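>>> A structural model of the following input is requested.
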Amino acid sequence: MKSIRLAFFFLIHIFVFTHTVFGQRDSLNQNLELALSSGKKIEINKAYHALNIYVQSVYDFDSGLMLSQDHLRFIQDNFHGNERDSILQEAYLRYTDAVSKLELVEEMKKSLIYADSAMILASQSNHTINQIRALINKGRLLSKLGEHYKEIEVLLNAKEIIDQSGDQKEKLEGMYLELIYLDTSVGFQILKQYQQAIDYAQMALKFHKEESDYVSRRQNLQMYGDEVSRLGVLYFFADSLDRAMEYAKEGERVFKELNHFKWELENINTQSNILKRQGKYAVAVERYYDQIKRSEANNHPLGVLLALINLAEPLAYQNKLEEALEVSKRAEVMAKDFDPYYMRNLQGNLAEIYKMMGDFENAYHHQVIYKAMEDSLVQANNLKGMNDLLLKYETSEKEKQLAEQELEIQTKNASLSARNNQVIVLVSGLGLVLLGGTLFYNRNKARQKEEMQAAIIDEKERGLEAVVQATEEERKRISKDLHDGIGQQLNALRLGLKSVENDVEGELKEKLQHISSSFSKSADEVRQISHQMMPRALMDDGLVKAIEDLLRNTFQFTEIAYEFEHHKMEERLDEKIEVSMYRILQELLSNIIKHSGASKVQVQLIRLKNKVTLLVEDNGKGFSGEQSDGHGQMNIRNRLDMIRGSVNYEPSPESGVVAVITVPLS
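Residues are numbered from 1 along each chain as shown. You can find the predicted model right below:
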């Protein structure tokens, strides 16, 4: 009887809660309708704003997006000047907040513009909170678009605004720092920097309070759920399975309390993955099938796809290969509608399943697709990261110039204060003490500020250099994997086919010859891609041999003649200098082919005492540094900044241009 009463009480509680929620939404909808019928634009704006806040607070982001679109159109049609700018700030922020929760790529790209617009308007009006909100929303949009280097940079800029907010700092930390730390953790996780991701997630959790002065209890509980869920995933990747299970169970509990199925399921999926890694395959299989059933019941196709992908491995280890193949084929059909990351993992699963079944032809087919997709995704991420970091470095240079200008002004002011003090000394001894103390304080403050600015700039430069070096290391790794892995496999298969050709005759022999020819072409393409990623000659034989190969490969199918001379280059240079000069020469040769119309190119590499000089001359129509590809010139400048080098463009005696690259060796 007691259990029946408890169940009845629970049903009444749910009914009252649901009635209250829908009643509040109906009331806000009615307010908007009344405001629209009144034609009073201020009241209409307030009604849009109130309803949008509500629908996003209950996770109805689709409605939030539609409301934001209607609201923006209304503002643009009815407000003007400063009044419109003030109202647009909040509307842009609501719009970008809604889009950052959805999977709409085109809307995300448009939202980046709105986030930047909100940032500009907030900066013009000195609205610190809205500046931080704009950066957080922009970071989330960049994350959804896969631009994680930019995402982390934007989030750290938001933290920098908080650090420099003076009296507001403590309040802003309470409002936003936990969120910034958590989003930064997500960025590092996707970049597979798991220790940094764990550190930021733990900082977010440490900052969490059971009761918040700035958000509702529900929003605060969701933030806590996000943090423990994130740590569950991160400790899983770090192979700390007991801690991962602890956090994942807590995440499941929180989101079950919040009645948010999607995020509850993510924590259940993490637990299933942990069981699979612990070798508890039967339990893991049972849980994955339960996830599929619950995801289908809740119309959550991504939940179905994740469970299908993860299910294949424990089925295969239980020797249920046909069942594993069936679920993988089902997942393959679904994965076409989602991120390529899922399809890549599926191809790896299929390759392994076919291998275990003894079907080596299909296994090889899916392994080749898997490897190609993996290399494609890695290369795309690396190129994005490189461009972002080069832009960040250019920004730091501007900051450095501003810091130097500010220091110069402060130094002049300090000198003026000193002269004034000398006059005052003649008037009063007390004035000497007071103003002398002031002068000392100002000078000390200026020196501290100079040191701080220099430290910030140095940190940014060192950070950029470290990541660029990491990118080059990744290129080397990919190049080696291509050359020593799939390249060697293709060659081995080609040789195997050649040996089989000798044992057959007629039409079958012709087919084998055709297949062998295809393998040869594939091997050549893999070798070429490997060479482009990181030339083997550069690593093994040095810059001279690498330049010889680069010139030959660049001009062999053109009508451009080339000459290469080098002097005193017997000893190897520092690897960072060799790689940078090689990349710069690649950029210059690309510009010559694209822009110059030259028929002859001369390259000289000369070592003189404590510097090395690279001269690249052509007889084309000539160009200024600004006329060539903008990204190319930026890449050249930033490469040279890293090795303290310089570039100078001069007219060539043969009417083209001479590029002179000089790099100090000490």
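>>> what's the nearest residue to the most centrally placed residue in the chain if we skip its chain neighbours?
Central residue of the chain (CA atoms, centre = their mean): residue 148, 1.2 Å from the mean position. Excluding the flanking residues, the one nearest residue 148 by CB to CB, 6 or more residues apart in numbering is residue 187, at 4.7 Å. Backbone N, C-alpha and C define where each C-beta goes, glycine included.
>>> name the helix or strand for the one you found, please.
Per DSSP states H and E: residue 187 is located in helix 178-190.
>>> poorly predicted segments of the stretch 551-666 of the chain, please.
The stretch 551-666 of the chain contains residues with pLDDT under 70 at 623-631, 652-654.
>>> 50 - rerun?
Across the stretch 551-666 of the chain, the ranges flagged by pLDDT under 50 are 625-629.
>>> endpoints of stretch 290-307, how far apart?
One end of stretch 290-307 to the other measures 9 Å (CA to CA, to the nearest Å).
>>> pull out the buried positions in it.
Residues of stretch 290-307 classed as buried by neighbour count (16 or more other CB atoms under 10 Å): 291, 292, 294, 295, 300, 302, 303, 304, 305, 306, 307.
>>> what separates the residue nearest to the centre of the chain from residue 306, distance-wise?
21 Å (CB to CB, to the nearest Å).
>>> and for residue 539?
Counting by CB to CB, the separation of residue 539 from residue 306 is 40 Å.
>>> next one: residue 181
For residue 181, the distance to residue 306 (CB to CB) stands at 26 Å.
>>> which of the buried residues of stretch 290-307 sit farthest apart?
294 and 305 (13.7 Å; CB to CB).
>>> SS state for the residue lying closest to residue 44 once chain neighbours are set aside?
Once flanking residues are discounted, residue 44 sits nearest to residue 35: 4.4 Å by CB to CB, 6+ apart. Following DSSP: H, G, I helix; E, B strand; the rest coil, residue 35 is assigned to helix.
>>> and the helix holding residue 187, which residues are buried?
Applying a neighbour-count criterion of 16+ other CB under 10 Å, one finds 178, 179, 180, 181, 182, 183, 184, 185, 186, 187, 188, 189 buried in helix 178-190.
>>> mind putting the residues you listed in TSV, distance to residue 223 and pLDDT included?
Listed next are these as TSV, based on distance: CB to CB, whole Å; pLDDT from 0 to 100:
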residue	distance to residue 223	pLDDT
178	6	86
179	7	85
180	12	90
181	11	90
182	7	87
183	11	88
184	14	89
185	13	88
186	13	86
187	17	86
188	18	87
189	17	86
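>>> quick check, nearest of the residues you listed to residue 555?
For the buried residues of helix 178-190, the residue nearest residue 555 by CB to CB is residue 187; the value is 41.8 Å.
>>> for that closest one, what are its contacts?
Each residue near residue 187 by CB atoms under 8 Å, 6 or more residues apart in numbering is listed here: 139, 143, 148, 151, 152, 155, 197.
>>> who wins for neighbours among the residues you listed?
Highest neighbour count within these, by other CB atoms under 10 Å: residue 139, with 29 neighbours.
>>> now the element after the helix or strand containing that one, going C-ward?
Under the criterion of DSSP H and E, residue 139 resides in helix 128-144. Sequence-wise, the next helix or strand downstream of helix 128-144 (DSSP H and E) is helix 148-163.
>>> in that following helix, which residues are buried?
148-155, 157-159, 161-162.
>>> which strands or helices does the host helix or strand of residue 548 pack on?
Using DSSP H and E, residue 548 sits in helix 543-555. Secondary-structure packing of helix 543-555 (3 or more CB pairs under 8 Å, 6 or more residues apart in numbering; DSSP states H and E): helix 536-540, strand 561-567, helix 575-591, strand 600-608.
>>> got the confidence number for residue 498?
You'll see residue 498 listed with a pLDDT of 61.
>>> should've said residue 273
pLDDT, residue 273: 91.
>>> got a list of what the residue nearest to residue 332 when sequence neighbours are not counted touches?
Leaving aside its sequence neighbours, residue 332 sits nearest to residue 346 (CB to CB, 6+ apart; 5.4 Å). By CB under 8 Å, 6+ apart, the contact set of residue 346 is 309, 328, 331, 332, 335.
>>> the second one contacts residue 348, doesn't it?
No: distance between residue 328 and residue 348: 10.1 Å, which falls outside the contact criterion (CB atoms under 8 Å).
>>> who has more neighbours, the two?
Using other CB under 10 Å, the more surrounded residue of residue 328 and residue 348 is residue 328, with 25 against 19.
>>> am I right that the more buried one is in a helix?
Yes: assessed by three-state DSSP, residue 328 belongs to a helix.
>>> my read is residue 559 is in a strand, agree?
No: using three-state DSSP, the secondary structure at residue 559 is coil, not a strand.
>>> list the contacts for the spatially closest residue to it that is not a sequence neighbour?
In this structure, residue 559 finds its nearest non-sequential neighbour in residue 599, 6.6 Å apart by CB to CB, 6+ apart. By CB under 8 Å, 6+ apart, residue 599 lies in contact with 559, 560, 561, 619, 620.
>>> which of these sits closest to residue 577?
Closest approach to residue 577 among those (CB to CB): residue 560, at 26.9 Å.
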